[in-house]
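Trainee: can't give you the sequence, but here's the structure:
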């Protein structure tokens, strides 16, 4: 009488074993695909939220506000700033705009303050002081963060020194009829770095599939 092992080797039983293995592999593949789909759906929702937040953050970071206007004529360059009561004031400087002219700002208590203007041949502490209150800055004060400088040579016309939401300072020339609203002490923001999504779909293993069968949630 043939033993149990012989019975398993019968063609019909062997075919059944092959079918069971194939069904098991197919079931594992279907379950794995289901887990993958779930992960991609979750990641897509997270990415949509991250994108919305990034869009808002980007719009705030790149929006530029004009903070200082430079008026250049021949060998003369004047500085126009906004006072606290909204009245523009004009300050003459002795610098030649054909050389490099520096516009010095200080970030104090989260705001950008124009401090002084000087050229490449003038020590900063001998430059034209725009705000007398900033002649001396106590950098040990927690509210005093750091300084920023914009500089270049200038041709005749109107030049606007502007600042983006993250405090980046730039200089651009505008036409005489361009309407520019100068902002007094614009706020400077810190922006968090954007995190990259994990490739979780590439890390799916047997535990994830078993968890799917048992109704468990997958780890992020």
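Mentor: Received, thanks. Source: prediction; values computed, not measured.
Trainee: and residue 37, how many neighbours?
Mentor: By the criterion of other Cβ atoms under 10 Å, residue 37 has 11 neighbours. Heads up, the C-betas are built off the backbone N, CA and C, glycines and all.
Trainee: that one falls within a helix, correct?
Mentor: Yes: with DSSP: H, G, I helix; E, B strand; the rest coil as the criterion, residue 37 is assigned to a helix.
Trainee: list the residues that contact it.
Mentor: For residue 37, no residue meets the contact criterion (Cβ atoms under 8 Å, 6 or more residues apart in numbering).
Trainee: confidence score at residue 59?
Mentor: Note for residue 59: predicted pLDDT of 73.
Trainee: swap in the one 5 residues further on?
Mentor: Per-residue confidence at residue 64 stands at 79 (pLDDT).
Trainee: surely it touches residue 170?
Mentor: Yes: assessed by Cβ atoms under 8 Å, residue 64 is found in contact with residue 170 at 6.9 Å.
Trainee: joint contacts of those two?
Mentor: 162, 163, 164.
Trainee: so which of those residues wins on neighbours?
Mentor: residue 163 (24 neighbours).
Trainee: who touches that residue in this structure?
Mentor: With contact taken as Cβ under 8 Å, 6+ apart, residue 163 is in contact with 64, 65, 67, 105, 112, 169, 170, 186, 188.
Trainee: filter those to the buried ones?
Mentor: Buried members of the contacts of residue 163, counted by 16 or more other Cβ atoms under 10 Å: 64, 67, 105, 112, 169, 186, 188.
Trainee: doesn't residue 166 make contact with the fourth one?
Mentor: No: shown here, residue 112 and residue 166 do not form a contact pair, counting by Cβ under 8 Å, at 10.9 Å.
Trainee: any common contacting residues for those two?
Mentor: Common neighbours of residue 112 and residue 166, using Cβ under 8 Å, 6+ apart, are residue 188.
Trainee: and which of the contacts of residue 163 is nearest to residue 121?
Mentor: Of all the contacts of residue 163, residue 121 sits closest to residue 105, with 20.6 Å by Cβ to Cβ.
Trainee: now do that closest one, the pLDDT please.
Mentor: Here, the pLDDT recorded for residue 105 equals 92.
Trainee: perfect, I'm done here.
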